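> Got a sequence here, can you build the structure:
(one chain, ligands or ions: 3)
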Amino acid sequence: MIDVQEKKDKESQRKARLLVYALAAFYIVTYVCTAVINRLVVVGIPMNSIVGVDISVNSLSGTLAALGGVACLVMTVVDWKRGGNIALGLITLSAVSVTVRVLLEGNLNLLAGTAAFIMYFLSVCLCRYGMRRAEERANKDYLTGLDNRRSLINDLATLTKRGSHFGLLYLDLDNFKYINDTFGHEAGDQVLIEVSERWKEALPSEASIYRVGGDEFIALVPKIENKPADFLTGLAGKMIDEVSTRKFGGQQGDKYITTSIGIVRYPVDSTESEMLVRFADVAMYQAKSSGRNKYVVFDESMSHQITREYEMEAIVREALDKQWFYLVYQPQFSAKEKKLRGFESLLRLRTDSGEFVSPGEFIPIAEKSDLIYAIDEMVIRKATRDFREVFNAEGNTLTLSVNISAKHIVEPDFVETVRRILEEENFPINHFEIEITEYCMVESMEKAVEAMHRLKELGIVLAMDDFGTGYSSMSYLSQMPIDVLKIDKSLVDNIYEDQKENQFVNMIISMGHILGASVVAEGVEDESQLSLIRKADCDYVQGYIWGRPLELDLAMELVEQSRKQ
Ligand code: C2E
Ligand code: CA
Ligand code: CA
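Ligands and ions are numbered 1, 2, ... in the order given. Okay, the predicted model is just below:
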């Protein structure tokens, strides 16, 4: 992403440079023309014989000079540094030459020219100042006043060009979402401001820190070649302490805020800006997954993970292209009578060489690379087409569920896309269910809730997937028009061993009912789980105990059987 941005910036810089040169050439041409016209008139050649129309010398040279002035302003707007400097140089030269002529020729009429050039000079200076301020603002983060991602890209390009060793620290606050959700966005903003101030102070003076995302920061520490080996880790430790050991201006909950840091070194880990940031990000995630509030130094083994991600992305792309994806359907039954409720469609990927890739692996990659939009649409189309006939049969009570990526729901055209596909496939909308994970709510809760309401208005059934693993706050949950809560398999896994877990599952089931939703227990594998789930008054069961994900023909057989019952 950084490389793409860098290329784009370079290309636009090149264009700006060419435009500046063209405008400078234009200015010189206007200046020379004015001088020539003035000379010819002095020599006695009348104006109308030069330009063909009757026009005064003053207005002609005035027009040309004004055009030159405009060219200087445009130059400055296009590139305030180079263009502005060239414009000021040209205007100064012109002003000096006119003034010299005033003195040599004693022609006081020419003083108007000097005055005009002084005006142009001042205008260009003002314009240059304005453009510089605008650029500074574009490189700053509005909230913390730190440099932003754009500025980081420029500085990384400069540092890598210079070739001297530097360290890059990727810093991410842990549990920041909790602060935002619990104490409000203002409290969250305050924490970000305070954190950035502390970190700025903690860093050596030659280092810079950038805010690159919501609660993500990057610090660049130059000139590390002569520093001790533990210099960067020492610094990271200090930055972690700055957050974890000091209170935040009266914020409650500040004990939850800690920092995870990933560290990379240039040129040891990579010589490319983009890779350095990616590697630092991977190391930071390692720090998070190994308990948070710590730093991890990138090492080679972690790059395999990234290589695998690249490969996986290529496989997913090819799978879409060559139709390696197919769907299987896992049945859901009522907990009490084991009556078929419907199916959840689950995506499968088998490459042409027979390699089977699990959705647990390819879905996250597809989400990262935006391929998920195409995948989700394909799934909706394929699943509704597979079941269209059966679902349009009279007296159908079954429901067909599809999983939709968190990221997709909040896209502005998502609801309309779903509506259009269902219409095109002639699928009964009230029998179509969308499963959304709690996780999707993390990023843009309000947008997700709004999209859910719009889906609901269309008549679509909404299920909250993997419930009990995330952090849905109750206040949001009650705003969501949820029809179904799906208890995550990890909770069902433990219910017979762990008394506490049983109570938790019971509580979730009651909560679902209070919210007016039905509850599906997912991943039920054995009788003891089933009996506890039934006792807790859970409505539906989806799990290997009663049905694994089935190929379409087997799913159809099951529908047939259930009709005969
Ligand atoms: P999920 O939506 O929570 O799907 C349930 C997963 O649990 C499925 O795994 C299913 O095969 C598995 N499962 C169900 N009952 C049992 C059981 O009794 N025992 C065990 N061991 N497993 C059980 P699967 O198919 O590997 O899917 C994994 C995840 O991938 C899904 O979790 C879902 O988040 C995602 N996914 C699958 N298909 C799609 C899709 O079409 N679109 C999107 N966006 N995501 C999908
Ligand atoms: Ca699901
Ligand atoms: Ca699930």
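> quick one: average confidence on stretch 311-321?
Averaging pLDDT along stretch 311-321 gives 94.
> which bits of the protein sit near ligand 2?
Applying Cβ under 5 Å from the ion, one finds that the chain approaches ligand 2 through 403, 435, 465. Yep, even glycine has a C-beta here, placed from its N, CA and C like the rest.
> got a markdown table for those residues, with neighbour count and pLDDT too?
Putting the residues of the chain next to ligand 2 into a markdown table (neighbours: other Cβ atoms under 10 Å; pLDDT from 0 to 100) gives the following:
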| residue | neighbour count | pLDDT |
| --- | --- | --- |
| 403 | 20 | 97 |
| 435 | 19 | 96 |
| 465 | 25 | 92 |
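> Does stretch 348-355 reach ligand 1?
No - Stretch 348-355 is not in contact with ligand 1 by Cβ under 6 Å from any ligand atom; minimum separation 7.4 Å.
> quick one on the thing from earlier: from the residues of the chain next to ligand 2, list the ones also adjacent to ligand 3.
Applying Cβ under 5 Å from the ion to the residues of the chain next to ligand 2, those adjacent to ligand 3 are residue 465.
> Can you tell me which of the residues of the chain next to ligand 2 end up in strands?
403, 435, 465 (DSSP state E).
> Closest to ligand 3 out of the residues you listed?
Within those, the smallest distance to ligand 3 is 4.4 Å, found for residue 465 (Cβ to the ion).
> residues contacting the residue nearest to that closest one when sequence neighbours are not counted?
In space, and not counting its chain neighbours, residue 465 is closest to residue 435: 4.2 Å by Cβ to Cβ, 6 or more residues apart in numbering. Counting by Cβ atoms under 8 Å, 6 or more residues apart in numbering, residue 435 touches 344, 401-404, 463-465, 486.
> let's see it at 7 Å
Neighbouring residues of residue 435 by Cβ atoms under 7 Å, 6 or more residues apart in numbering: 401-404, 463, 465, 486.
> coming back round to it: would you mind giving the ones in strands among the residues of the chain next to ligand 2 as TSV with distance to residue 551 added?
Below are these laid out as TSV (distance: Cβ to Cβ, whole Å):
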residue	distance to residue 551
403	18
435	20
465	23
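> among the residues you listed, which are in reach of ligand 1?
Okay, of these touching ligand 1 (Cβ under 6 Å from any ligand atom), that's 403, 435, 465.
> What residues does the stretch 451-565 of the chain have near ligand 1?
465-466, 489, 522-525, 542-544, 549.
> Which of the residues you listed ranks first by neighbour count?
residue 524 (28 neighbours; other Cβ atoms under 10 Å).
> burial measure for the spatially closest residue to residue 175 that is not a sequence neighbour, as a count.
Closest residue in space to residue 175, ignoring its immediate chain neighbours: residue 256 at 4.4 Å, by Cβ to Cβ, 6+ apart. Neighbourhood size, residue 256 [other Cβ under 10 Å]: 14.
> circling back: of the ones next to ligand 1 among the ones in strands among the residues of the chain next to ligand 2, closest to ligand 1?
residue 403 (3.7 Å; Cβ to the nearest ligand atom).
> That closest one bridge partners, please.
For residue 403, the beta-bridge partners are residue 435 (DSSP bridges).
> Any figure for the gap between it and residue 42?
84 Å (Cβ to Cβ, to the nearest Å).
> again, but for residue 309
74 Å.
> the more surrounded of those two?
For residue 309 and residue 42, the more surrounded residue by other Cβ under 10 Å is residue 309, and the numbers stand at 17 against 11.
> Please identify the helix or strand for that one.
helix 300-322 (DSSP states H and E).
> Any buried residues in that helix, and which?
302-303, 309, 312-313, 315-316, 319-320 (16 or more other Cβ atoms under 10 Å).
> of those, closest to residue 233?
Taking Cβ to Cβ as the measure, residue 233 lies nearest residue 302 of those, at 16.1 Å.
> thought the closest one was touching residue 281?
No - with contact defined as Cβ atoms under 7 Å, residue 302 does not reach residue 281; the gap is 10.1 Å.
> In the stretch 301-450 of the chain, what residue spans correspond to strands?
Shown for the stretch 301-450 of the chain, the strands assigned by DSSP state E, counting those that start in this stretch span residues 325-334, 340-350, 356-357, 399-403, 432-437.
> Identify each buried residue in whichever strand or helix holds residue 129, please.
Here residue 129, judged by DSSP H and E, is contained in helix 111-138. Residues 113-114, 116-117, 120-121, 123-124, 127-128, 131 are the ones in helix 111-138 that count as buried (16+ other Cβ under 10 Å).
> That helix - contacts with which helices or strands?
helix 57-78, helix 82-105 (3 or more Cβ pairs under 7 Å, 6 or more residues apart in numbering; DSSP states H and E).
> ok, of the residues of the stretch 451-565 of the chain next to ligand 1, which one's closest to residue 384?
So of these, ranked by how close each gets to residue 384 (Cβ to Cβ), first place is residue 549, at 17.6 Å.
> which ones are touching the closest one?
Here residue 549 is in contact with 328-330, 346 (Cβ under 7 Å, 6+ apart).
> Reformat the residues you listed as a markdown table; add distance to residue 448, neighbour count and pLDDT.
Below are the contacts of residue 549 laid out as a markdown table (distance: Cβ to Cβ, whole Å; neighbours: other Cβ atoms under 10 Å; pLDDT from 0 to 100):
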| residue | distance to residue 448 | neighbour count | pLDDT |
| --- | --- | --- | --- |
| 328 | 27 | 17 | 98 |
| 329 | 26 | 25 | 98 |
| 330 | 25 | 20 | 98 |
| 346 | 22 | 17 | 98 |
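> quick check, nearest of those to ligand 2?
residue 346 (7.6 Å).
> Bridged to that closest one, which residues?
Residues in beta-bridge contact with residue 346 (DSSP bridges): residue 328.
> quick one: it and residue 330 touch, right?
Yes - the criterion here is Cβ under 7 Å, and residue 346 meets it with residue 330 at 5.9 Å.
> Apart from its neighbours in sequence, what residue is nearest residue 543?
Leaving aside its chain neighbours, residue 543 sits nearest to residue 524 (3.3 Å; criterion: Cβ to Cβ, 6+ apart).
> thought the one you found was touching residue 530?
Yes - in this structure residue 524 lies within contact range of residue 530 using Cβ under 7 Å: 5.5 Å.
> Need the overlap of contacts for these two.
541, 545.
> Tell me which residue of the stretch 101-250 of the chain lies closest to ligand 2.
Nearest residue of the stretch 101-250 of the chain to ligand 2, counting by Cβ to the ion: residue 177, 22.5 Å away.
> same question but for the stretch 201-350 of the chain, I mixed them up
Counting by Cβ to the ion, the stretch 201-350 of the chain gets nearest to ligand 2 through residue 344 (5.7 Å).
> cool, and the stretch 451-565 of the chain?
residue 465 (4.2 Å).
> list the contacts for that residue?
403, 435-437, 486.
> Could you rerun that using 6 Å?
Applying Cβ atoms under 6 Å, 6 or more residues apart in numbering, we find residue 465 in contact with 435, 437, 486.
> Much appreciated, bye for now.
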